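J.: please find the sequence and the predicted model below.
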Amino acid sequence: MTEPTGQPGLEDSRGGSAVDEVAALRALLLSLGAAPEEADAAIGSGQGGALALDLTLRAAPPRTLDEAAAEIGIDRDEFVRYWHALGFGELTLAGGGVPADVLTALPLVTNAVSEWLGDETALGLARVIGETSGRISEALVDAFRIDYEVPQLTSGTSYTQVVQTYLDITRESLPAFEALLSAVMRAHLVRVAAGHWAPDAEQQAARRDLFVGFVDLVGYTALSRTLSTGELSKLLRRFEDVVTAAVSTRNGRLVKLIGDGAMFVTEGAADGCLIGLDLLDRLAAVESLPPARIGADCGGVLSLAGDYFGDVVNRAARLVALALPGTVVVSDLVAAALADGPASGLVADRLPDQALKGFRAPAASYRIVRPDFPT
């Protein structure tokens, strides 16, 4: 929790002096167990709030990289590989070290997982954990900063008081939040385990047969240049809310958000097309959002670290460019799957063949027409 750039910080906007505010923050850090020189260094570099949070969450004094590697029983270079895979640099924390609780948990990956699954897979899992945890942490901290810290500082609350509130909220809420993450992960483990999959020909990776869709906001780049940062943030939040709701209605999965677009998957071609049609309707109902279009393909994809790769994914991404605003354009494989599958009422109208970047032959593509029954 650094001091906000361009906002009231150590200058107490209620009339107190910067000296008083520094003294108050220093007293808070010392009460949390900081050494005097540690507190002074953190305040001097604008890291007083971050150090306060670090001290609140510390299970024990942090270790250096050499100490951490020795404690786990691996060499320093190997430890650094895992440390970087988790998304950390050498001096990530305000205290400048490896948290003791991370060392307690890390052997699961460095020892057990690598023994069961191999070193490269273990490093891959560490990267997924680091990327996911980093994104969650950014979302939490940014939400607190914008929705609480900035209004409080602007209204005259001192920075030290804001930091103290942040610590109180963390102590009270973090255990429940961690329990929620654990419960949600367990539920997703069951969901994924129940899905269809097969090893690839070399038995080196998991493959799944999926419908892959990409949604794209048309004209987003030009529109974004006319919006303030706050307006753009609200637009993207509305887009994310709509996409998440629409994809989940038919057991789809939102794989990732890509700025002005998103990638989603589901196991059935009909469900995937219905998700696409529903998504376009929902997006069109939001006045502030530009028109959207969707491209999709289906077939075997490489499943890696929670993401998907291969020709099906690439073709789906390219088909978006063929779609007019407000339409879903799919490949011939999706059209064939609809024709061969259970009656869905969906109609696939063939479009003129067009070249797709990265693919040799002109592509047969189809526009999906809405079924004439309630969904």
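T.: Okay, I see it.
J.: after the top helix by length along the chain comes which helix or strand?
T.: Looking across the chain with DSSP state H, the single longest helix is helix 159-193. Helices and strands here follow DSSP states H and E; after helix 159-193, the next one along the chain is strand 198-199.
J.: parallel or antiparallel, list what pairs with the helix or strand just after that next one.
T.: Proceeding N to C from strand 198-199, the next assigned helix or strand is strand 206-217, under DSSP H and E. Here strand 206-217 has these sheet partners by DSSP bridges: strand 198-199 (antiparallel), strand 261-266 (antiparallel), strand 292-304 (antiparallel).
J.: quick one: strand 206-217 to helix 159-193, angle?
T.: Calculated by axes from the mean of the first three to the mean of the last three C-alpha atoms, to 10 degrees, strand 206-217 forms an angle of 130 degrees with helix 159-193.
J.: for the helix or strand just after strand 206-217, packing partners?
T.: Tracing the chain past strand 206-217, the next element assigned as helix or strand by DSSP H and E is helix 220-224. With contacts taken as 3 or more C-beta pairs under 8 Å, 6 or more residues apart in numbering; DSSP states H and E, helix 220-224 sits against no other helix or strand. (Each C-beta comes from the backbone N, C-alpha and C, glycine too.)
J.: now helix 220-224: average pLDDT?
T.: In this model, helix 220-224 carries a mean pLDDT of 84.
J.: sec struct for the residue nearest the centre of the chain, please.
T.: Using C-alpha atoms, centre = their mean, the residue of the chain that lies closest to the mean C-alpha position is R135, 5.0 Å off. At R135, secondary structure determined by DSSP: H, G, I helix; E, B strand; the rest coil is helix.
J.: ok, it to I129 distance?
T.: 11 Å (C-beta to C-beta, to the nearest Å).
J.: now do G87
T.: G87 is 9 Å from I129, by C-beta to C-beta.
J.: over to R253?
T.: 19 Å.
J.: more neighbours, the two?
T.: R253 (18 against 15; other C-beta atoms under 10 Å).
J.: beta partners for that one?
T.: Residues in beta-bridge contact with R253 (DSSP bridges): V265.
J.: please compute how far the helix or strand of the chain with the lowest mean pLDDT lies from its chain's middle.
T.: Of the helices and strands making up the chain, the lowest-confidence element is helix 114-117, at a mean of 78, by mean pLDDT, DSSP states H and E. Computed by C-alpha atoms, centre = their mean, to the nearest Å, the separation of helix 114-117 from the middle of its chain amounts to 26 Å.
J.: what helices or strands is it leaning on?
T.: Looks like helix 114-117 contacts helix 119-144 (3+ C-beta pairs under 8 Å, 6+ apart).
J.: buried residues in the helix it packs on?
T.: 122-128, 130, 141, 144 (16 or more other C-beta atoms under 10 Å).
J.: tabulate the residues you listed (a markdown table), appending pLDDT.
T.: Listed next are the buried residues of helix 119-144 as a markdown table, based on pLDDT from 0 to 100:
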| residue | pLDDT |
| --- | --- |
| A122 | 85 |
| L123 | 86 |
| G124 | 87 |
| L125 | 87 |
| A126 | 89 |
| R127 | 91 |
| V128 | 90 |
| G130 | 92 |
| V141 | 92 |
| F144 | 91 |
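J.: three-state assignment of the residue nearest to V301 when sequence neighbours are not counted?
T.: Sequence neighbours aside, Y308 is the residue nearest to V301 in space, at 4.3 Å (criterion: C-beta to C-beta, 6 or more residues apart in numbering). Three-state assignment for Y308 (three-state DSSP): strand.
J.: burial count for Y308?
T.: 21.
J.: list the contacts for it?
T.: 208, 210, 212, 255, 263, 265, 301-302 (C-beta atoms under 8 Å, 6 or more residues apart in numbering).
J.: and it, what pLDDT?
T.: 94.
J.: can you name the residues bridging to it?
T.: S303.
J.: low-confidence ranges in the stretch 201-350 of the chain?
T.: For the stretch 201-350 of the chain, the stretches with pLDDT under 70 are 343.
J.: for the nearest residue to D209 once chain neighbours are set aside, give me its contacts.
T.: Closest residue in space to D209, ignoring its immediate chain neighbours: G300 at 5.6 Å, by C-beta to C-beta, 6+ apart. G300 makes contact with 207-209, 310, 312, according to C-beta under 8 Å, 6+ apart.
J.: most neighbours among those, which one?
T.: Counting neighbours by other C-beta under 10 Å, V312 leads the contacts of G300 with 24 neighbours.
J.: that one: what secondary structure?
T.: Relying on three-state DSSP, one would call V312 helix.
J.: swap in L324?
T.: Strictly by three-state DSSP, L324 counts as coil.
J.: now the residue nearest to it when sequence neighbours are not counted: how far from C273?
T.: Distance criterion C-beta to C-beta, 6+ apart; nearest residue to L324, sequence neighbours excluded, is R293 at 6.6 Å. Per C-beta to C-beta, R293 is found 14 Å from C273.
J.: mind listing the shared neighbours of the two?
T.: In contact with both R293 and C273: V328, using C-beta under 8 Å, 6+ apart.
J.: look at the two and report which has more neighbours.
T.: For the pair R293 and C273, the greater number of neighbours falls to C273 (31 against 24), based on other C-beta under 10 Å.
J.: so how far is A339 from the residue lying closest to that one once chain neighbours are set aside?
T.: Among residues not flanking C273 along the chain, I368 sits closest, at 4.9 Å (C-beta to C-beta, 6+ apart). Applying C-beta to C-beta, the value for I368 to A339 is 12 Å.
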